[in-house]
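Asks: fold the following for me, if possible:
(2 chains)
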There are 2 protein chains.
Amino acid sequence: MDAQSEKLLLRLLTQTRIAALGTLHGEEPRVSMVAFVPAPDFSAYYIHVSRLAQHTVDMQKNKQVSLLITEADDGRTDPQTLARLSIRGSAEFMQNGEPGYAPVKSSYIERFPESATLFLLADFGLWRIKMKGARYVAGLAKAFNLTPESLEKFLRK
Amino acid sequence: MDAQSEKLLLRLLTQTRIAALGTLHGEEPRVSMVAFVPAPDFSAYYIHVSRLAQHTVDMQKNKQVSLLITEADDGRTDPQTLARLSIRGSAEFMQNGEPGYAPVKSSYIERFPESATLFLLADFGLWRIKMKGARYVAGLAKAFNLTPESLEKFLRK
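Replies: Numbering: from 1, shown residues only, chains lettered A, B, ... in the order given. Predicted coordinates:
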């Protein structure tokens, strides 16, 4: 991957706060908006959702999900040049108190202070979306297939 | 629906240029970015995609799709208050020359001038995503179920 595409990806993954979550609803795809924090090595993405929400019910039935992180549209002439990462993932509910729960909760609340009160409600829970692979489009005719290993490797450079 | 939510939805649908397209890839959901133009009555959304792209192959196999249109993140404290419309739709390939093709092509090129050259390539085609229904989230604890009829009705007000 060229240096510019790498820089763009790092910015995309560290500065974007919302993503489009694709779940399976019966036999149809559904896409909804989620706020997220990434794991430090970008191998997982954490969301905090209500158990009453449709995407949560969908994930309980089928853990196969997709997460799209898109650069904000800045009004440029051609939006096809916007950077985006389309992640294929597996969703897992995190038990309150399980190893890793506390630091994820902290970083989620740090990024989204308004969520602190939601962590007090039994209705809301943290989910981990583990990346199985991803397609990174850095712009027109610049696309890369990524694994968790390749992603972590070059972001650590 | 309250007047403020209506105003927000109209702005969302007329000013947003990109969306997250959910397709079925085998038995898994996939989400990718697309640029779109809406039909004047917002009952359909048009995208122009390469037949080599994975979402296009997915749509050829299964026309059930979902389209998420999200207000751009403006950095507000709580992104859960961003407006978004999650559309359940059915995707249909449009034949070059079929009724309705020319005006859609015109409005697509008007919005995305760089796409004009892509219309000259046999690889690219227009698809119509017809709305079957939608869930509109106007912010925290403000959600509405919409049909094509209810959407058209209030946007015409």
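
Asks: what comes up buried for the lengthiest strand in chain A?
Replies: When chain A is scanned for its longest strand (criterion: DSSP state E), the result is strand A:124-139. Using 16 or more other Cβ atoms under 10 Å in any protein chain shown as the test for burial, strand A:124-139 gives A:124-132, A:134-139. Just so you know, the C-beta spots here come from the backbone N, C-alpha and C atoms, and that holds for glycine as well.

Asks: what packs against that strand?
Replies: Contact analysis of strand A:124-139 by 3 or more Cβ pairs under 8 Å, 6 or more residues apart in numbering or on different chains; DSSP states H and E lists helix A:3-15, strand A:44-50, helix A:54-61, strand A:84-93, helix A:101-111, strand A:142-146, helix A:148-155 as its packing neighbours.

Asks: now for A:Lys142: which residues touch it?
Replies: A:Asp2, A:Ser5 (Cβ atoms under 8 Å, 6 or more residues apart in numbering or on different chains).

Asks: C-alpha coordinates for the longest strand of chain A, PDB please?
Replies: Output of strand A:124-139 as PDB, limited to C-alpha atoms (Å, rounded to 0.1, in the frame of the first residue of the first chain):
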ATOM      1  CA  PHE A 124     -27.800  -1.400  27.000                       C
ATOM      2  CA  GLY A 125     -24.800  -3.600  26.400                       C
ATOM      3  CA  LEU A 126     -21.300  -3.600  24.800                       C
ATOM      4  CA  TRP A 127     -20.700  -5.700  21.700                       C
ATOM      5  CA  ARG A 128     -17.400  -6.600  20.100                       C
ATOM      6  CA  ILE A 129     -17.200  -6.800  16.400                       C
ATOM      7  CA  LYS A 130     -14.100  -8.800  15.500                       C
ATOM      8  CA  MET A 131     -12.700  -8.200  12.100                       C
ATOM      9  CA  LYS A 132     -12.400 -11.200   9.900                       C
ATOM     10  CA  GLY A 133     -11.200  -9.200   6.900                       C
ATOM     11  CA  ALA A 134     -11.800  -5.900   5.200                       C
ATOM     12  CA  ARG A 135     -11.800  -4.100   1.900                       C
ATOM     13  CA  TYR A 136     -10.200  -0.700   2.000                       C
ATOM     14  CA  VAL A 137     -11.000   1.700  -0.800                       C
ATOM     15  CA  ALA A 138      -8.600   4.600  -0.700                       C
ATOM     16  CA  GLY A 139     -10.200   6.300  -3.700                       C
END
